[in-house]
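Novice: quick one, structure for this:
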Amino acid sequence: MEYKSNRNVVYSCKYHVVWCPKYRRKVLVNGVDTRLKELIREVCEENRIEVIEMEIMPDHVHLLMEVDPQFGIHKAVKLIKGRTSRILRQEFSWLRSRLPSLWTNSYFVSTVGGAPLAVIKQYIENQKNV
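Specialist: Next up, the predicted model:
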């Protein structure tokens, strides 16, 4: 098992996170999905969050990431959803007319401890084939 560290914590905190657009609308298409991936990688890089796997479906996002426990998973998700919503709604004006806000307030998160990492990576990679 690989561990990361900051100044005072050695950790391995991997999370599977899933969230949806408001009303579960299938709006993550026609270039929005590609731009969303870029934005998620940017936010994660700036905040030292490792993206292990990512898949964008038309009506939801799967993200497998490792987050410093002192930074916190909630703060990471809040940053990602906030920045991506603001920028995507600026760049794709049709998102503003269809939705009052891009994302729902909620999300699913699960620690990746019980299942082997490879199994979860494969599950996320295979989402497009379901």
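Novice: show me where this structure has helices.
Specialist: For the chain, applying DSSP state H gives helices covering 32-46, 73-91, 93-98, 117-125.
Novice: what comes up buried for the second one?
Specialist: This means helix 73-91. Under the neighbour-count criterion of 16 or more other Cβ atoms under 10 Å, helix 73-91 has 73, 76, 77, 79, 80, 81, 84, 85, 87, 88, 89 buried. Every C-beta, even on glycine, is put in place using the N, C-alpha and C of the backbone.
Novice: just give me how far it sits from the chain centre.
Specialist: With Cα atoms, centre = their mean, to the nearest Å as the basis, helix 73-91 stands 9 Å off its chain's centre.
Novice: so what pairs up with the most centrally placed residue in the chain in the strands?
Specialist: Residue closest to the mean C-alpha point of the chain, counted by Cα atoms, centre = their mean, is residue 63 at 4.1 Å. Using DSSP bridges, the bridge partners assigned to residue 63 are residue 17, residue 54.
Novice: need the buried residues of helix 73-91 in CSV with pLDDT, can you?
Specialist: Supplementary listing: the buried residues of helix 73-91 in CSV, determined by pLDDT from 0 to 100:
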residue, pLDDT
73, 98
76, 98
77, 98
79, 98
80, 98
81, 98
84, 98
85, 97
87, 97
88, 98
89, 97
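Novice: kindly indicate which of those residues lies nearest residue 30.
Specialist: Of all the buried residues of helix 73-91, residue 88 has the smallest distance to residue 30: 11.7 Å, by Cβ to Cβ.
Novice: list the contacts for the closest one?
Specialist: 32, 35, 36, 39, 95, 102 (Cβ atoms under 8 Å, 6 or more residues apart in numbering).
Novice: out of those residues, who has the most neighbours?
Specialist: In terms of neighbours by other Cβ atoms under 10 Å, these top out with residue 102 at 24 neighbours.
Novice: these two touch, right, it and residue 91?
Specialist: No: using Cβ atoms under 8 Å, residue 102 is not in contact with residue 91; the gap is 11.4 Å.
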